[in-house]
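Undergrad: This is a predicted model, with the sequence first.
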Amino acid sequence: MRADDASAGLSVLAACTSDVRLWYMQNGLQLNPDKSEALIVGTSSQLKQVLPVVPSVTVAGVNLPVPVSGQMKVLGVILDRRLTFEKHATAVAKSCNYHAEAIRHIRHFLTPELARTLACSLILLYGAPTGTVQKLQCVQNNAARIVLQMPRRSHAKPLLHSLYWLPVDQRIIYKMAVVTFITKFSATPAYFGRHLQPCNCVRNLRLLCQPLTKTDLARRGFRYSAAAVWNSLPRTVLESPSITVFKSRLKTHLFDLAHINKRSK
């Protein structure tokens, strides 16, 4: 909805959810609109304009309005109004640290390979603020110390290098690039594929068209972030004949950027 015309957007929402409720009823299903949650996502200026005039929304024709929340948990991911994922990163870091300490207590019973497997589970989010990524990086650093049975205050970068682990910010780029490769060459999923447009540049048709954006919120969208990551990769990576080769070349490239280049400085 437009920030300067919230009423029109809310009317569409009310009509749409009413149709959904009717479809549920016709197909023997039950929709509980009174258990629904509402979250308005936008830029700081948009939220400042909308939130004072939209304290609640009407869902599926229920008389009791649904209050607008500051955050919402959807499929295990905590979303906030600015999509910074700060709350989500905090929750992930807390959970990972809890399980990391459990692994630390039994580390002497584990083989190095099993310890690495247990430690390699992180949720990574493109476009998150530096402070949010740093929380996840601390989790990865702690996991590396546990796997290699090093002191808590030992320097983490050499440990990540020896484990051949990408730092969190490089791992985010890796995940985004892999999703882009799969989407670009298989058009799956379709709702991602329609956002990837080849560049009109005759010199390099492998590049993707990167739309112009004015806000950080827009830069977190797949349309922009996928093109930005893809266009930053070297030609040798982009020319990979298969997903397996692409992953191998991509990780080597990002590993060199994260570790070898930093060591040379």
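TA: Structure's in. What do you need?

Undergrad: pLDDT wise, what is T188 at?
TA: Predicted confidence (pLDDT) for T188: 76.

Undergrad: swap that for R263, sorry
TA: 50.

Undergrad: which residues in the stretch 1-150 of the chain form helices?
TA: Per DSSP state H, counting those that start in this stretch, the stretch 1-150 of the chain carries helices over the ranges 6-26, 44-50, 86-106, 112-119, 130-147.

Undergrad: for stretch 152-168, which positions count as buried?
TA: Within stretch 152-168, the residues that count as buried by 16 or more other CB atoms under 10 Å are A156, L159, L160, H161, L163, W165, L166, P167, V168. Quick note: C-beta positions are derived from backbone N, CA and C, even for glycine.

Undergrad: Now the terminal residues of that stretch, how far apart.
TA: Stretch 152-168 has an end-to-end distance of 19 Å (criterion: CA to CA, to the nearest Å).

Undergrad: from now on call the first residue 20
TA: Sounds good: first residue 20 from here, last item stretch 171-187.

Undergrad: okay, now the residue nearest to L227 when sequence neighbours are not counted: neighbour count?
TA: Distances taken as CB to CB, 6 or more residues apart in numbering place A246 nearest to L227, at 4.0 Å, with adjacent residues excluded. For A246, the neighbour count with other CB atoms under 10 Å is 20.

Undergrad: Check the gap between A246 and S30 for me.
TA: Separation of A246 from S30 (CB to CB, to the nearest Å): 34 Å.

Undergrad: ok, now L179?
TA: Taking CB to CB, one finds L179 at 52 Å from S30.

Undergrad: again with G47
TA: G47 is 29 Å from S30, by CB to CB.

Undergrad: Just want to know which of these two has more residues nearby.
TA: Neighbours per residue, other CB under 10 Å: of G47 and S30, the larger number sits with S30, 12 against 6.

Undergrad: Count the residues that sit near T62.
TA: 16.

Undergrad: And the pLDDT at it?
TA: pLDDT, T62: 87.

Undergrad: How about L236?
TA: L236 is assigned a predicted lDDT (pLDDT) of 77.

Undergrad: That one sits in which helix or strand?
TA: helix 235-238 (DSSP states H and E).

Undergrad: Tell me where the stretch 170-284 of the chain is predicted with low confidence.
TA: 220-224, 280-284 (pLDDT under 70).

Undergrad: returning to that earlier point: helices and strands around the host helix or strand of the residue nearest to L227, which ones?
TA: Using DSSP H and E, the element containing A246 is helix 241-250. When contacts are defined as 3 or more CB pairs under 8 Å, 6 or more residues apart in numbering; DSSP states H and E, helix 241-250 packs onto helix 187-205, helix 235-238.

Undergrad: Next SSE downstream of the longest one?
TA: So that's helix 187-205. Under the assignment DSSP H and E, the closest C-terminal helix or strand after helix 187-205 is helix 209-212.

Undergrad: which residues are contacting stretch 39-47?
TA: Residues outside stretch 39-47 that contact it (CB atoms under 8 Å, 6 or more residues apart in numbering) are Q49, L50, P52, A79, G80.

Undergrad: Tell me the buried residues in that stretch?
TA: Buried residues in stretch 39-47, defined by neighbour count with 16+ other CB under 10 Å: R40.
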